[in-house]
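# Provide a 3D model corresponding to the input given below.
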Amino acid sequence: MVLADSSPDWIAFETIPCEMECHAIVKLLKTLNVKNLLKCPIWISFACCDDKHLNDGTLLSNALDTLYFEDPEAKCVSAIGINC
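Predicted coordinates for the structure are as follows:
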């Protein structure tokens, strides 16, 4: 992964609009982490249409549950943001 090899301070996945995209990102990060390719903190920022829903209409809490289920010890994702 070229970006991870360039020694960034953070890698940010911004304006994630749906749970499925969150799931795909965390699966990719877990694969990279197993190969010891993650050398910096990762941030995921969700895009929300209101105080409870992602832009695609799914519940933000569902996406957070998916994130916790896939990465319960926060070994891949260090921070979470919310965009409105």
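# need the helices for the chain, in chain order.
With DSSP state H, the ranges of helices along the chain come out as 2-5, 19-34, 60-70.
# which stretch in these is the model least sure about?
Sorting those by mean pLDDT places helix 2-5 lowest, at a mean of 67.
# Can you tell me what sits against stretch 21-41?
Identification of contacts with stretch 21-41 by CB atoms under 8 Å, 6 or more residues apart in numbering yields 1, 4-5, 7-11, 13, 16, 42, 44, 46, 63, 66-67, 70-71, 75-79. Glycine gets a C-beta too; all of them are placed from N, C-alpha and C.
# try stretch 76-84
If you take CB under 8 Å, 6+ apart as the criterion, stretch 76-84 is touched by 14-15, 26, 29-30, 32-33, 38, 41-49, 60, 64, 67, 70-71.
# list the buried ones in stretch 8-15?
Neighbour-count burial for stretch 8-15, counted by 16 or more other CB atoms under 10 Å, picks out 11, 13.
# Only the buried residues of stretch 56-76, if you could.
58, 60, 63, 66-67, 70-71, 76.
# tell me the two of these that are most distant?
The most widely separated members of the buried residues of stretch 56-76 are Thr58 and Cys76, with 20.9 Å between them, by CB to CB.
# Is it possible to get CSV of the helices of the chain that adds distance to Cys84?
Output for the helices of the chain, formatted as CSV (distance: least, CB to CB, whole Å):
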stretch, distance to Cys84
helix 2-5, 27
helix 19-34, 17
helix 60-70, 11
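# Done for today, thanks.
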